[in-house]
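next comes the sequence, and after it the predicted model I'd like to discuss.
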Amino acid sequence: MEQYVIKGGNPLVGEVEIAGAKNAALAILTAAIMTDETVYIDNMPDVSDINVLLEAIGVIGAQMERIDRHTVKINGSTIGSVSVDYEFIKKIRASYYLLGALLGKYKKAEVPLPGGCNIGSRPIDLHLKGFRALGAKVDIRNGMVVASAEELRGANIFLDTVSVGATINIMMAASMARGNTIIENAAKEPHVVDTANFLNSMGANIKGAGTDVIRIKGVETLHKTNYSIVPDMIEAGTFMFAAAATKGDVLVKNIIPKHLEAMTAKLLEMGCEIEEFDEAIRVTAKNRLKRTHVKTQPYPGFPTDMQPQIAVSLALASGTSIVTESIFDNRFKYCDELARMGANVKVEGNVAIIDGVERLTGARVSSPDLRAGAALVIAGLTAEGITVIDDIVYIQRGYEDFENKLTGLGALIERVSSEKEIQKFKLRVG
């Protein structure tokens, strides 16, 4: 089992290049099988979630060729099965996008109930409600979602709660339904917009993505396209808060500043200096961070995927901060690990009350999920002494070359797989 070992205390300084958005790539790669023509996708992040999905797409019969690390060629004309193997699906939650893609194209799909990060209940009832509204018969049998339809018909669909996954899944299926579909209370996240733009580049007719009402006019077929995935706002935000927590100075490149406004607003409140460019943002923290309060919200609010990273930063800020998690339950599991490093955090339901401390100290901690794992890395970078982080397989699901990018900014971090390697690292860094 691989681990990260970190010697903290170095401010992060320099430039870092952000990869394509994992959450957009998962939806777009799935949507690529909806045409029988060849699709080229670039700026694809090389992370384990993406590699698992590509393998699953290959197993159902699509032709898939990696042109290079960040570019893939997909042709869905040879798909021979609409039933997806559980072995792939239990690893990644976004496998459920295969439901919308296969149902839209073939009017039938069989996909296991999804896995992924353990951050609380994330039911897919809104997805199934949407498919049923489009005329599909949907059952759950033997752990599989089984959906089929003679034909899909456009419908007016109101989502009870804002759901990125349901918005994208229904949008994919509806793009090849007969007639018009309206999705109300739709998610507005950048990866929803990116998926709509990708489908439109294949000939779909989707309007309103990025607002809470999406209008879709169904088409009979989709065609080939070349497409570049949007930059990853969560990876960018992670490096921005890492710069803040370590009192660093980092230029985060290949980003869309508009997508980061909720994060830059909080960093400014916390006393950081922010400099924006067309496709980059510079974060400088010269003094101890100031306290603030934050509540996670659907986009354009503060993202739930950035909640652990801001909490770690606030653990070092002066004063008392309150972090409220309004999207997922069970997303404060990392706080017990943070407490092992000397943080003063009290969790009450969906609220964390954080009394800032002067410093954290190195400890052995375990990553409970993807974003919490990245936050514990930030904690280790700030801490006095050595931190060892177990279960980094979660982190590798969503961050490409994480340790290499951090090393390039001056961090002392290494990926190891044995106690012997940990001891070697300790001797080397002193």
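Everything's here; your move.

now do stretch 276-296: distance from first to last residue.
The first and final residues of stretch 276-296 sit 23 Å from each other (CA to CA, to the nearest Å).

gap between that stretch and the chain center?
20 Å (CA atoms, centre = their mean, to the nearest Å).

now do stretch 289-301
Centre to centre, stretch against its chain (CA atoms, centre = their mean), the figure for stretch 289-301 is 18 Å.

next one: stretch 295-310
12 Å.

summarise which helices and strands the lowest-mean-pLDDT helix or strand in the chain is packed against.
Using mean pLDDT, DSSP states H and E, the weakest-scoring helix or strand in the chain turns out to be helix 86-89, at a mean of 73. Here helix 86-89 touches helix 48-59, strand 108-112, going by 3 or more CB pairs under 8 Å, 6 or more residues apart in numbering; DSSP states H and E. For glycine as for every other residue, the C-beta is placed from the backbone atoms N, C-alpha and C.

tell me which of the ones you listed is the most buried.
strand 108-112 (a mean of 21; mean count of other CB atoms under 10 Å).

and residue 409, which of the helices and strands packed on helix 86-89 is closest to it?
helix 48-59 (22.7 Å; CB to CB).

ok so, going back, neighbouring contacts of the least confident helix or strand of the chain?
Helix 86-89 is contacted from outside by 52-53, 55-56, 59, 95, 111-112, 114-115, 143, using CB atoms under 8 Å, 6 or more residues apart in numbering.

repeat that for 7 Å
With contacts defined as CB atoms under 7 Å, 6 or more residues apart in numbering, helix 86-89 is touched by 52, 55-56, 59, 95, 111-112, 114-115.

just the CA atoms of it, as PDB, please.
In PDB, the C-alpha atoms belonging to helix 86-89 read as follows (Å, rounded to 0.1, in the frame of the first residue of the first chain):
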ATOM      1  CA  TYR A  86     -19.300  -4.500 -11.400                       C
ATOM      2  CA  GLU A  87     -15.600  -4.900 -11.000                       C
ATOM      3  CA  PHE A  88     -15.000  -1.500 -12.700                       C
ATOM      4  CA  ILE A  89     -18.000   0.200 -11.400                       C
END
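
list the buried residues for the following helix or strand past it?
For helix 86-89, the succeeding helix or strand toward the C-terminus, using DSSP states H and E, is helix 97-106. Judged by neighbour count (16 or more other CB atoms under 10 Å), helix 97-106 contains these buried residues: 97-106.

what about helix 97-106, average pLDDT?
Across helix 97-106, pLDDT averages out at 97.

same thing with stretch 170-185?
On average, stretch 170-185 scores 98.

ends of stretch 61-70, how far apart?
OK, stretch 61-70 end separation, CA to CA: 22 Å.

so which bits of that stretch are buried?
Of the residues in stretch 61-70, 62, 64, 70 count as buried by neighbour count, 16+ other CB under 10 Å.

tell me the one of these nearest residue 296?
residue 70 (29.8 Å).

so which elements touch the helix or strand where residue 31 lies?
Per DSSP H and E, residue 31 falls inside helix 22-31. Other elements packing on helix 22-31 under the criterion 3 or more CB pairs under 7 Å, 6 or more residues apart in numbering; DSSP states H and E are helix 48-59, helix 97-106, helix 190-201.
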